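In: Here you go, sequence then predicted model.
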Amino acid sequence: MVQTKPTLLTFADYLNYSDGTDTRYELVRGQLIAMTPPTWQHLLIARYLERLFERAIEQLDQDWIALQGAGQQVDAETSRLPDIMIVSKVEIQNLAKKTAILEDAAILVVEIVSPSSVADDYLHKLAEYEVKGISEYWIVDPSALGPGRYIGSPKRPVISIYSLVNGEYASPLQFRSHETIESSVFPNLKVTAQEILYPEP
């Protein structure tokens, strides 16, 4: 039996793609990858972070915005859908009618780990966001799903924050339980890992 190679999509194809459903897709090396529906915990963490970042942005008086649902192109054949992005309002002010995929580097992105996203979040996206030049990458892992070499052993829920230094991500700062988060993008944050990992509805 002859197997045909899947048709690869360009970034332009991806921007215009619609299958008539509400399914959200990432473009990964030219192929569409369907995103699995999030858990309630996942949604609550994203909601909490978006509000936390909005308050922090206001305190810093920066012309930034925190967004859920927007995408980040990382190369010519790959576009991701981070859970949260911090972007400059200037970057998007002239793009209002275009598909919400940022082609320039976001300031900060957050991925909330799920069983289906572990390898992507800790391996592929880490490398992609680094090459793209995203200043800070947060991996929020409320169920301690990450490999031990990334989150330590015994495994415990953790927030890993990677900061760009001379074009490369330095070893991550990791925060657990009641440890206070330290962010180079948001030095004014006063929040513990526990508050982010287990937000109240």
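Out: Perfect, I can see it now.

In: Please identify the longest helix in the chain, counting by residues.
Out: When the chain is scanned for its longest helix (criterion: DSSP state H), the result is helix 40-60.

In: Where does A12 sit, in terms of helix or strand?
Out: Using DSSP states H and E, A12 maps to helix 11-15.

In: Tell me the helices and strands packed up against that helix.
Out: Judged by 3 or more C-beta pairs under 8 Å, 6 or more residues apart in numbering; DSSP states H and E, helix 11-15 is in contact with strand 25-28. C-beta coordinates here come from the backbone N, C-alpha and C atoms, glycine included.

In: State the next helix or strand along the chain beyond the strand it packs on.
Out: strand 31-34.

In: if you average pLDDT over that next one, what comes out?
Out: Averaging pLDDT along strand 31-34 gives 92.

In: For the remainder of this discussion, apply numbering that starts at 30.
Out: All right, first residue 30 from here; so that's strand 60-63.

In: Give me the buried positions along it.
Out: Neighbour-count burial for strand 60-63 flags L61, I62 (criterion: 16 or more other C-beta atoms under 10 Å).

In: which strands and helices sit next to that strand?
Out: Judged by 3+ C-beta pairs under 8 Å, 6+ apart, strand 60-63 is in contact with strand 54-57.

In: list the helices and strands the strand it packs on packs on?
Out: Going by 3+ C-beta pairs under 8 Å, 6+ apart, strand 54-57 lies up against helix 40-44, strand 60-63, strand 107-109.

In: still on that earlier bit, give the partner strands of the next helix or strand after the longest helix of the chain in its sheet and their orientations.
Out: Of the helices and strands lying after helix 69-89 in sequence (DSSP H and E), the nearest is strand 93-96. Strand pairing for strand 93-96, using DSSP bridges, gives strand 113-117 (antiparallel).

In: Can you give me the buried ones in whichever helix or strand comes after the strand it pairs with?
Out: The C-terminal neighbour of strand 113-117 among helices and strands, as given by DSSP H and E, is helix 118-121. By 16+ other C-beta under 10 Å, the buried positions in helix 118-121 come out as E120, I121.
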